[in-house]
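Novice: show me the folded form of this:
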Amino acid sequence: MTLQPQTVQRVDEILAGAQSEGRVPSLITGIVRDGELEHVSGAGELPVPDADTQYRIGSISKSLTAALLLRLRDDGKLSLEEPLDRHLPGTALGRVTLRQLLAHAGGAQREPDGAWWERSVGGDLQALVAGVGPEKAAWPPLRRYHYSNLAYGLLGGVVAKVAGVDWWPALRERFLEPLGMARTTYQATQPFARGYLVHPWHGTLREEPRHDGGAMAPAGQLWSTVTDLARWAAFLVGPDPQLLAPATVREMASPAIIADPERWSAGYGLGLQLWRRGERVFAGHTGSMPGYLAILVTHRPSRTGVVAFANAYRLGVSGGIGGLGIRLLEAVLDGEPAPRPRPWRPGAAPPNDIEPLCGRWWWMGQEYEARWDGESRELVLASLGPTPTTPWRFIPLGGDRWRCRSGENDGEYLRVRRSRAGTVAALDIGTWVFTRDPWPAM
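Specialist: Numbers count the residues shown, from 1 in each chain. Sure, this is the predicted structure:
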């Protein structure tokens, strides 16, 4: 599916205007639809934009770090409810949980000790941990959203401790290589765009340093291209279950904390920023490092995304690089018809112990339908009432027990009740008992 000519024209106009008004040497964007990079647009001449040219992606690296930690969680290697002390003892943030650190809800200060890490040669993990004294606890956990690069440096250290290899080789093996992201690298690899600070008064350029972040690398080290980062955007809207369960990606893109309690227009999940614009919620991340800006933003329901890079530290347009990415995404969503639904394909019969759970169920006069999702291997329970609600998706725990991963019952347990003969009699979801009879005896 290709974009309509008027959508392409609008995207190109927005980008050209942003490059000119924002005064950046080079600006490039890619539009992702249903897993494919459909359109690339560039503006500027230093360098001439190309989909294979690397730019530094800054804090978009955090989304990959979060995915890596969640992969270890799904593999049973750790729990997000564990305190940092369990893996990196001896810091003032020891009681903060991994989940709180992922969501910038742990109260950690924004930066580590010492010189500004983005413009300095980074130290090792031991030095990073040693610098996390009492002054690095800005707020009590969950008191408020407080963005923290330090938190993600520490989470990268947790990955290394649990995985038994450093953050970078673990990330490369588990995500970058399987996704074909060969041009996403730790250090700049030719061809790459030089990064600049633009003088505000006369528009001259100063090339910025490209330091190795050391132990802080998980917070913002990576370099990538439009082609490569489009693959990551496509994964976030349509994850490969072999790499990360779709339910886990939904967890990443679900609000863990609201960033602006007064307006509820921004929040943070687990490694992903969230933005609300009207009835749409977008998930992704911005990035900045000296000389570079980046944005990855997706609309997961329509499987649409935008990636964009600039090789300057400031983009002088409303909302900066994040605002530009959202404007580009809205232009595509407003200008294009909804993606064609994926074709239905016959599924395999559910396992023998699952089939008796499928079909119609009732609770308090309301009808529900249970079906088996063979692709995700989840039991899905959906209301058949007039008001659409998010289906409840349950993962098996064994022994007639399931746990919900979506909707209002997210986190609740389902227990299969059986008759004396051993047949399925009811589904007990957090003490709400669903029966085959719409009018069961009291």
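
Novice: what's in contact with stretch 128-146?
Specialist: The contact list for stretch 128-146, computed with Cβ atoms under 8 Å, 6 or more residues apart in numbering, reads 88, 90-93, 95-97, 100, 104-110, 112-114, 150, 153-154, 157, 214-216, 257-259, 267-268. Every residue, glycine included, has its C-beta placed from N, CA and C.

Novice: buried among these? Need that as a selection in ChimeraX.
Specialist: Restricted to buried positions by 16 or more other Cβ atoms under 10 Å, the ChimeraX selection for the contacts of stretch 128-146 reads:
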select :88,91,93,96,97,100,104,105,106,107,108,109,112,113,150,153,154,157,214,215,216,257,258,259,267,268
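
Novice: taking the contacts of stretch 128-146 one by one, which sit in helices?
Specialist: In this view, these that belong to helices under DSSP state H are 100, 150, 153, 154, 157.

Novice: and the closest residue to the third one other than its chain neighbours, how far from residue 167?
Specialist: With sequence-adjacent residues excluded and distances taken as Cβ to Cβ, 6 or more residues apart in numbering, residue 153 is closest to residue 216, at 4.2 Å. With the distance defined as Cβ to Cβ, to the nearest Å, residue 216 ends up 10 Å from residue 167.

Novice: mutual contacts of these two, please.
Specialist: residue 156.

Novice: residue contacts, residue 321?
Specialist: Contact analysis of residue 321 by Cβ under 8 Å, 6+ apart lists 286, 287, 288, 293, 294, 295, 308, 310, 315.

Novice: now these in TSV, please, with extra columns for secondary structure.
Specialist: Shown next, in TSV, are the contacts of residue 321 (DSSP: H, G, I helix; E, B strand; the rest coil):
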residue	secondary structure
286	strand
287	strand
288	strand
293	strand
294	strand
295	strand
308	strand
310	strand
315	coil
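
Novice: specify which member of the residues you listed is nearest to residue 335.
Specialist: In terms of Cβ to Cβ, no member of those lies closer to residue 335 than residue 308, at 17.2 Å.

Novice: enumerate every residue touching that closest one.
Specialist: Here residue 308 is in contact with 15, 27, 28, 29, 30, 294, 295, 321, 324, 325, 328 (Cβ under 8 Å, 6+ apart).

Novice: where does the last one fall, secondary structure wise?
Specialist: Okay, so that is residue 328. helix 320-335 (DSSP states H and E).

Novice: tell me the first helix or strand C-terminal of that helix.
Specialist: Toward the C-terminus from helix 320-335 - assigned by DSSP H and E - lies strand 359-363.

Novice: in that next one, which residues are buried?
Specialist: Applying 16+ other Cβ under 10 Å to strand 359-363 flags 361, 362, 363 as buried.

Novice: the second one reaches residue 436, doesn't it?
Specialist: Yes. Between residue 362 and residue 436 a contact is recorded at 7.1 Å, counting by Cβ atoms under 8 Å.

Novice: give me the common contacts of the two.
Specialist: With Cβ under 8 Å, 6+ apart as the test, residue 362 and residue 436 reach no residue in common.

Novice: got the domain ranges for this protein?
Specialist: Under the assignment automatic domain parsing, the domains of the chain span 5-335, 355-435.

Novice: mean confidence for the last one?
Specialist: In this case it means domain 355-435. Averaging pLDDT along domain 355-435 yields 94.

Novice: strands along the stretch 1-150 of the chain, start to end?
Specialist: Counting by DSSP state E, counting those that start in this stretch, residue ranges of the strands within the stretch 1-150 of the chain are 26-33, 36-44, 55-56.

Novice: what's the spacing between the residue lying closest to residue 313 once chain neighbours are set aside and residue 47?
Specialist: Among residues not flanking residue 313 along the chain, residue 197 sits closest, at 5.2 Å (Cβ to Cβ, 6+ apart). Taking Cβ to Cβ as the measure, residue 197 falls 17 Å from residue 47.

Novice: for the stretch 101-250 of the chain, give me the ranges with low pLDDT.
Specialist: Scanning the stretch 101-250 of the chain with the threshold set as pLDDT under 70 gives 115.

Novice: my guess is residue 34 meets residue 305, correct?
Specialist: No. In terms of Cβ under 8 Å, residue 34 does not count as a neighbour of residue 305; the distance is 10.0 Å.
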